[in-house]
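Chemist: attaching a predicted model along with its sequence, questions to come.
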Amino acid sequence: MAVSKPNSPTLLLLQLCVLSLFASSSVATAAGNGGGYTINGRVKIPGFGAKGFGLPVKANNAKVMLNGGQQVTFLNPDGYFSFHNVPAGTHLIEVDIIGYFFSPVRVDVSARNPGKVQAALTENRRGLNELVLEPFKEEQYFEIREPFNIMNIVKSPMGLMIGFMVVVVFLMPKLVENMDPEEIRKAQEEMRNQGVPSLASLMPGGGRSN
Amino acid sequence: MDPKVIPNTPKHASSSQIPPPPFSLFIPTNNLIAMAMAIKLPLILLFFSSSLIPTFSLFEDQVGLMDWHQRYIGKVKHAVFHTQKAGRKRVVVSTEENVIASLDLRRGEIFWRHVLGANDVVDKIDIALGKYVITLSSEGSILRAWNLPDGQMVWESFLSGSKSSKALLTVPANLKVDLDSPIIVYSGACIHAISSIDGEYLWKKDFASEGSVDVHQLILPGGSDVVHAVGVTDSSQFDTYEIHIKNGGLLKHTSASFPGGIYGEILPISGDRFVVLDASRSVLVLITIENGQIHLEQTHISDLIHGSSGNTVILPSKLSGIFSLRTDNGIVFIKVTDEGKLNVMEKVDKTVVISDALPLSEGEQAFALVQHGDGKIELSVRLVHDMSSNHLKETVKMDHERGFVHKIFINNYVRTDRSHGFRALIVMEDHSLLLLQQGEIVWTRDDGLASVIDVATSELPVEKIGVSVAKVEHSLFEWLKGHMLKLKGTLMLATPDEVAAIQKIRLQSSEKSRMTRDHNGFRRLLILLTRAGKLYALHTGDGRVVWSTLLQSLRTTSQQCAGIKLHQWQVPHHHALDNNPSVLVVGRCGLSLTSPSALSIVDAYTGKELQNMGPVQHSTVQVISLPFRDSSEQQLHLLIDADKRAHLYPTTPEAAHIFQRESENVYWYSVESEAGILRGYGVKKSHSSDTPSEYCFETRNLWSVVFPSESEKIIGTVTRKPNEVVHTQAKVIADEDVMYKYISKNMLFVATVSPKASGPIGSATPDESVLVVYLVDTVTGRILHRMTHLGSQGPVHAVLSENWVVYHYFNLRAHRYGMSIIEIYDQSRAENKDILKLIVGKHNLTTPVSSYSRPEVTTKSQSYFFTHSVKAISVTSTAKGITSKHLLIGTIGDQVLALDKRFVDPRRSLNPTQADKEEGLLPLTDALPIIPQSYVTHSFKVEGLRGIETVPAKLESTSLVFAYGVDLFHTRIAPSRTYDSLTEDFNYALLLLTILALVVAIFVTWVLSERKDLQDKWSWPQTQLWLQSSSEQRLLNICSTPVNMFVNQNR
């Protein structure tokens, strides 16, 4: 799924349309009887549904929670949810859809002017004009197994071992061959003086050649 | 201590931002080696960086390799069948765990499932329009419709009532009535009508204005536009209402007073007849409505049934023309004749369970009776109009361990010969769900596992020695074959069939599900105590139930007994090796704390109840596992009763002797949350005369900490796990300084909040809520540390391990969750780092460690933000405590997140110095990162998560994790990766192949070099010649160069 960026013009337009369409219905709070208020909101996952604001299949088990599980509600097919009988005060709404990361939302339900909503994402303190919640990002629970390529084998410890041996076995003699014999002798002399076993002497027969 | 708000810091550190722990390289001076290192360095770097990412992560195809996940629903309360249409036959159920689920009738699998909130109890369920599941929950205030095929919520309606009342739901019988007939709900003393298509609120009839009538039944006669409501006012007057279904207008209201008062519910017999018990429960009242008049007719039960006493109840099975009455002696079916006479039809045993009536074709009704026999149950289906004979009688063998039948739901199907067949869904005493059809159990579900109360683990038996050679050869061959297949898989040479075979081998490795002990300690038995009083043993390898026992000690009395605690009773190590390990189950018979307790000891290998101490005389409020064992390695336990007396178990003279000897050093504490008092206790030395037995001890109160009730209320306490192992007391920090951890088993973490802030979030303002946390020593009552979080409130979830405590709370000022850590260090040992003093002997390392001593302690703490609400916190535990730790956080989304302890380290700073970086300290961020790959439950959810248990494996790097709620989940995690063993993915075949290739290469090169050597020896003179010629050539070359230049210029 490609998460479309919010600054893409078409989506912005869509959002504007949605805004104007649902401005009346997504008023977040409404006074109920007995002092409780209703919080209405909507969860939107970009890139899904025919009109670009539906819900994916895995959102079937979506849950919206108020104040850490004090009330739990579910999404209807368009992504709307509501909490009823909520007392005035500052509340926290969390959305749980597996595969997405949602920021909790702080919602102020005001007793003085009912119907007024103040919502803000707690993760980045961004205010929301209306209670439309979108995921921050998708969550990938698994490491992606890279498709087979020869580099993986080469990079693995055993591959490195083989590679190193191949280098030593086939390239070193070539290097030695291309060198000036006098220089080789000089280098060997030097090494013997230093007392370090040369690579050539490690190979069978290498030490016997001179 | 608010978390500091740090601007311009990344909110979500991704895994790439975590620097791997540093490692230094020794750079040798020798040129040659340095050159070799220069080649290898990038390779080594590559190797290290690939293996040191400190997150717990899995590949998708590793799911099921070392984890398992089981989905449950809990004890079924209501069930509605959906079998009319062709296609998938299903049953929709609601359970006591607030789950609604759609189950496959053929296999019992879950099609879909929703777990409602903890206080959103499901009252009623039904199916409307043949495609929606309707649920009424939260005392009838929330009505929801769910799409039957996929479980998507279609609509939700909030029904506000004026006062609380019982909840009734009537869904129009579908397909026959016109589609727009609404759902009628009675709740909150109002009748609501809701459109079943879109949940639109149609009308409401408030009964609060009609006086305080309490409606008992809603009746929707098919084909009419009238709803009948039958109720009682002040339990002395019957009321019937007729309400128009389209607009809610009251059509008719009749009432009749009955001075005797009533007991229980009014039960409808037919459209115009009802029956109810009077307040004394000895008189049956038959209510008949005739021509708008209510007639009451009273019949003494003793006239109907001879010798019946009180405790009479009308059973709520709605059978037409018949009702059933349960008395102390049995269940009686009574027929109401058309003239209003009551005739006793039949008496059956009182353990018989009766289903609701099932309407069959042409107005017939059937119902089922289940009778419990010895090792079997008898299911009989009867037709209401013909009670005399059984329509169907089946006997089904039933496991003893499932107990009695608690509930039965029946459904019919039409056989090919057009007769009726019946299937019955029964709920057993152990909360399991069974489907019976044609005298057989079609499927069973162990849904008791949805309500785990306590968890213990047990080792498996040691493998018997003596394995046949053929077996070894066979397994070796299988092993090689498996690895060759795997190699093929890695080289992408495998066919799809082989890929499937590889996956199968990986998942169903017989190794992990064997019933013997393994040397890594991955195979264990998880022993689970469930709310139904049943004990299950699950194998950690594949999660299968090894044995299950319905505890007899919890069933003996008529009272409601329930298990409360599970403790290790006997873990044979040295002396009693031929004994099986066993566990102690402590239960309580009754609801109050003072009710008598029930104890039983269960063999962990077989599930047999070794000792069944029925209801013992004393109550149990606290169980203390003492660190002493008797000669048969039985753990000594103290059970503290409500009168603060201590009862010792096992009740043997030897145990009493051990306890008498050690009683001076036995201390415990109690937390009285309501009163806000912590108390410490010890055992009274002198044996007073008024104790009932020699295993009962008087206790003395040693200390108390009283929290002022007007400013502090205890909301949580946490201690260390008693079996936790700490590897080292010293902690070496960057500048080669040493800090000594204050490690005490007697440390208690207490969290209190101001009383105003003890409610849910949103009920208190930041100014009036204060969270105070304490670290208390439970031997002396000394408060080691106290910290105040202004503007914070609960709920507090905490975990205490080694010398630190991490707790999660709500920060009201930032309106985010916070997590804080307190680390506590022993200052009295701080001087011990001077080596000179150590040599001279001026150190206090040899002074005995005592819980009475009052060492000077210092604490370090830090706070962070955490995004999610938390349901449970735990920490990994390993065998020796060497491996670094991960916090396991059960989030509100029912997932378990593994958070590296390095993220909650009070020594993190904004700008770590070079030394800090070398030590592996991460730079400070204001929020703790949530890395999706470190969810140990990956794409699963442990619905209704309640607890996380960790058990150390024998392999030091690994810890077993078991999370339980409605679902069960088990996995094993290695917080620092499996540094002490090869991973599951390690390819032995590739290793063998490499070695083989190397050997071949050695031989080839050896042969080649031999040959070359020989050639060299033969061609010695030629070499000299070649050398000469080559020098000549070179000369020639030099000469030719200017010529070439000349040519170029000429051109």
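Modeler: Yes, it's here.

Chemist: could you give the number of residues near the closest residue to B:Y72 other than its chain neighbours?
Modeler: In this structure, B:Y72 finds its nearest non-sequential neighbour in B:A450, 3.7 Å apart by CB to CB, 6 or more residues apart in numbering or on different chains. For the C-beta atoms, the positions are set from N, CA and C on the backbone; glycine is no exception. Neighbours of B:A450 under the rule other CB atoms under 10 Å in any protein chain shown: 29.

Chemist: residues contacting B:A450?
Modeler: B:Y72, B:I73, B:G74, B:K75, B:T95, B:E97, B:V99, B:H431, B:G944, B:G965, B:V966, B:D967 (CB atoms under 8 Å, 6 or more residues apart in numbering or on different chains).

Chemist: 6 Å instead?
Modeler: Shown in contact with B:A450 (CB atoms under 6 Å, 6 or more residues apart in numbering or on different chains): B:Y72, B:G74, B:E97, B:V966.

Chemist: and the two most separated of those?
Modeler: For the contacts of B:A450, the maximum inter-member distance is 8.1 Å, found between B:Y72 and B:E97 (CB to CB).

Chemist: any common contacting residues for those two?
Modeler: What both B:Y72 and B:E97 touch, as defined by CB under 6 Å, 6+ apart, is the set B:A450, B:V966.

Chemist: ranges for the strands of chain A?
Modeler: Using DSSP state E, the strands of chain A run over A:29-31, A:37-43, A:63-66, A:71-73, A:80-86, A:89-96, A:100-101, A:105-109, A:117-121, A:127-128, A:132-133, A:137-138, A:142-143.

Chemist: export the ones you listed as CSV, with columns for mean neighbour count, mean pLDDT and distance to B:T312.
Modeler: Shown next, in CSV, are these (neighbours: other CB atoms under 10 Å in any protein chain shown; pLDDT from 0 to 100; distance: least, CB to CB, whole Å):
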stretch, mean neighbour count, mean pLDDT, distance to B:T312
strand A:29-31, 16, 46, 48
strand A:37-43, 22, 86, 45
strand A:63-66, 23, 90, 44
strand A:71-73, 23, 90, 40
strand A:80-86, 21, 88, 39
strand A:89-96, 22, 89, 48
strand A:100-101, 20, 88, 56
strand A:105-109, 22, 87, 50
strand A:117-121, 18, 79, 55
strand A:127-128, 14, 80, 59
strand A:132-133, 20, 84, 55
strand A:137-138, 12, 83, 61
strand A:142-143, 16, 82, 61
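
Chemist: in CSV, list the ones you listed along with distance to B:V276.
Modeler: Formatted as CSV, these follow (distance: least, CB to CB, whole Å):
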stretch, distance to B:V276
strand A:29-31, 40
strand A:37-43, 39
strand A:63-66, 41
strand A:71-73, 36
strand A:80-86, 33
strand A:89-96, 44
strand A:100-101, 53
strand A:105-109, 44
strand A:117-121, 49
strand A:127-128, 54
strand A:132-133, 50
strand A:137-138, 59
strand A:142-143, 61
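
Chemist: out of those strands, which comes closest to B:F707?
Modeler: Taking these one by one with CB to CB, strand A:89-96 is closest: 26.0 Å.

Chemist: tilt between that closest one and strand A:105-109?
Modeler: Relative orientation of strand A:89-96 and strand A:105-109, computed by axes from the mean of the first three to the mean of the last three CA atoms, to 10 degrees: 150 degrees.

Chemist: circling back: the more surrounded of B:Y72 and B:E97?
Modeler: A count of neighbours by other CB under 10 Å puts B:Y72 above the other of B:Y72 and B:E97, at 27 against 24.

Chemist: which pLDDT does the model give the more buried one?
Modeler: pLDDT for B:Y72: 93.

Chemist: can you give me the helices in the stretch 851-1000 of chain B?
Modeler: Assigned by DSSP state H, counting those that start in this stretch, the helices in the stretch 851-1000 of chain B fall at B:914-919, B:988-1018.

Chemist: of those helices, which is nearest chain A?
Modeler: helix B:988-1018 (4.4 Å; CB to the nearest CB).

Chemist: so how far is that closest one from its chain's centroid?
Modeler: 59 Å (CA atoms, centre = their mean, to the nearest Å).

Chemist: can you give me the buried ones in it?
Modeler: B:A989, B:L990, B:T994, B:A1001, B:T1005, B:S1009 (16 or more other CB atoms under 10 Å in any protein chain shown).

Chemist: give me the subset of these touching chain A.
Modeler: Filtering those for neighbours of chain A using CB under 6 Å from any CB of the partner chain leaves B:T994, B:T1005, B:S1009.

Chemist: quick check: residues of chain A near chain B?
Modeler: Within chain A, the residues that sit near chain B (CB under 6 Å from any CB) are A:33, A:60, A:65, A:67-68, A:70-72, A:74, A:76, A:84, A:89-92, A:94, A:96, A:106, A:122-123, A:139-143, A:145, A:148, A:158, A:160, A:169, A:196, A:203-205.

Chemist: which parts of the chain are helices?
Modeler: I went with chain A, as the question did not name one. With DSSP state H as the criterion, chain A has helices at A:9-22, A:150-155, A:157-166, A:172-178, A:181-194, A:199-202.

Chemist: looking at chain B here, not the other one
Modeler: Under DSSP H, chain B gives helices at B:31-51, B:301-304, B:469-490, B:496-507, B:653-662, B:835-840, B:914-919, B:988-1018, B:1020-1050.

Chemist: which residues of chain B lie near chain A?
Modeler: B:11, B:32, B:43, B:57-60, B:117, B:152-153, B:158, B:160, B:492, B:760-762, B:815-816, B:869, B:892-893, B:932, B:935, B:938-939, B:994, B:1005-1006, B:1009-1010, B:1013.

Chemist: in strands, which of these appear?
Modeler: B:L58, B:F59, B:M153, B:F158, B:R816.

Chemist: please name the bridge partners of the first one.
Modeler: In other words, B:L58. B:L58 has these beta-bridge partners by DSSP bridges: A:F142.

Chemist: and B:K901, what does it touch?
Modeler: B:K901 neighbours (CB under 6 Å, 6+ apart): B:K885.

Chemist: tell me how far it lies from B:K880.
Modeler: Computed as CB to CB, to the nearest Å, the B:K901 to B:K880 distance reads 16 Å.

Chemist: cool, and B:H727?
Modeler: Taking CB to CB, one finds B:H727 at 6 Å from B:K880.

Chemist: how about the stretch 551-700 of chain B: which residue is closest to chain A?
Modeler: B:S673 (19.8 Å).

Chemist: find the nearest non-adjacent residue to that residue, please.
Modeler: Nearest to B:S673 is B:I714, by CB to CB, 6+ apart, at 4.5 Å.
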